[in-house]
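Asker: Let me see the structure of the following:
(2 chains)
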Amino acid sequence: GENVEQHPSTLSVQEGDSAVIKCTYSDSASNYFPWYKQELGKGPQLIIDIRSNVGEKKDQRIAVTLNKTAKHFSLHITETQPEDSAVYFCAASIRISNFGNEKLTFGTGTRLTIIP
Amino acid sequence: NAGVMQNPRHLVRRRGQEARLRCSPMKGHSHVYWYRQLPEEGLKFMVYLQKENIIDESGMPKERFSAEFPKEGPSILRIQQVVRGDSAAYFCASSPRRGSPYEQYFGPGTRLTVT
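Answerer: A predicted model of the protein is given here:
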């Protein structure tokens, strides 16, 4: 099955600086890669995703890059703000048929702390 | 459009009791997924259901755990004879019908504590 590794496990960044979180996956058939933000006591919130036919996607201060050859993808947050402090999870998914969607395999999470 | 609803938000059970966790997907969503999250860990897939069908239960423990998604009403994750190791946060996610985007939207979770 799919295995997703995520690094680093903790990351502290000065407010205004950029943060980068990296993930690798094992199954070359994976074709969908979402990123979730989880705040304390809450459920994961989808913040950005990328499909395998795209190399990069950007949404305001957040961007995701995908390298299918190397089987890794990264989350980039620019101009970080205190409200960006949270745990971030990457995930990978395979859609194997038109019958329905497939399960997500999650990384172990990165605790991001923005230092004011 | 209301998001994914889960209840109860917190559930305390003694060892040996049963736990029932409920999940109402977003309106128009017919795919439901259950995930478990242990403290300081990522989410682990348990089961994927559509209305009246279990599509993939490869992440479910073989004993004591069951899930359903009836034609009417919420999806239910049932844990019989709970043990301390079942203490975790259980999250439900939903996604739209076949042919729709892959996004899964998560509920706020049910935090189960077994005493």
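
Asker: could you pull out the helices for chain A?
Answerer: Remark: helices of chain A are absent; assignment by DSSP state H.

Asker: low-confidence ranges in it?
Answerer: A:95-101 (pLDDT under 70).

Asker: If we look just around chain B, which residues of it are in range?
Answerer: With Cβ under 8 Å from any Cβ of the partner chain as the criterion, chain A comes near chain B at residues A:6, A:32, A:34, A:36, A:42-46, A:49, A:51, A:89, A:93, A:95, A:98-109. C-betas here are computed from N, CA, C, even on glycine.

Asker: Give me the buried subset of the residues you listed.
Answerer: A:6, A:32, A:34, A:36, A:43-44, A:49, A:89, A:93, A:95, A:100-109 (16 or more other Cβ atoms under 10 Å in any protein chain shown).

Asker: Lowest average confidence across helices and strands of chain B, where is it?
Answerer: One helix or strand of chain B scores below all others by mean pLDDT, DSSP states H and E: strand B:53-56, with a mean of 89.

Asker: as a whole number, average confidence for the helix or strand just after it?
Answerer: Downstream of strand B:53-56, the next assigned helix or strand under DSSP states H and E is strand B:65-68. In this model, strand B:65-68 has an average pLDDT of 97.

Asker: partners of the helix or strand just after strand B:65-68 in the sheet?
Answerer: Counting by DSSP H and E, the next helix or strand C-terminal to strand B:65-68 is strand B:75-79. Using DSSP bridges, the strands paired with strand B:75-79 are strand B:19-24 (antiparallel), strand B:65-68 (antiparallel).

Asker: on contacts alone, who are the packing partners of the helix or strand just after strand B:75-79?
Answerer: Sequence order places strand B:88-95 as the next helix or strand after strand B:75-79, per DSSP H and E. If you count contacts as 3 or more Cβ pairs under 8 Å, 6 or more residues apart in numbering or on different chains; DSSP states H and E, strand B:88-95 packs onto strand B:19-24, strand B:31-37, strand B:75-79, strand B:105-106, strand B:110-114.

Asker: and among those, the most buried is which?
Answerer: Most buried of those, by mean neighbour count (mean count of other Cβ atoms under 10 Å in any protein chain shown): strand B:31-37, with a mean of 24.

Asker: Give the pairing partners of that one; include direction for each.
Answerer: strand B:43-50 (antiparallel), strand B:88-95 (antiparallel).

Asker: What residues of the first one count as buried?
Answerer: Within strand B:43-50, the residues that qualify as buried by neighbour count (16+ other Cβ under 10 Å) are B:43, B:45-50.

Asker: What mean pLDDT does it get?
Answerer: Per-residue scores along strand B:43-50 average to 92.

Asker: Need the residues that contact it.
Answerer: A:44, A:89, A:100-106, B:30-38, B:54-60, B:65, B:67-69, B:75, B:77, B:91 (Cβ atoms under 8 Å, 6 or more residues apart in numbering or on different chains).
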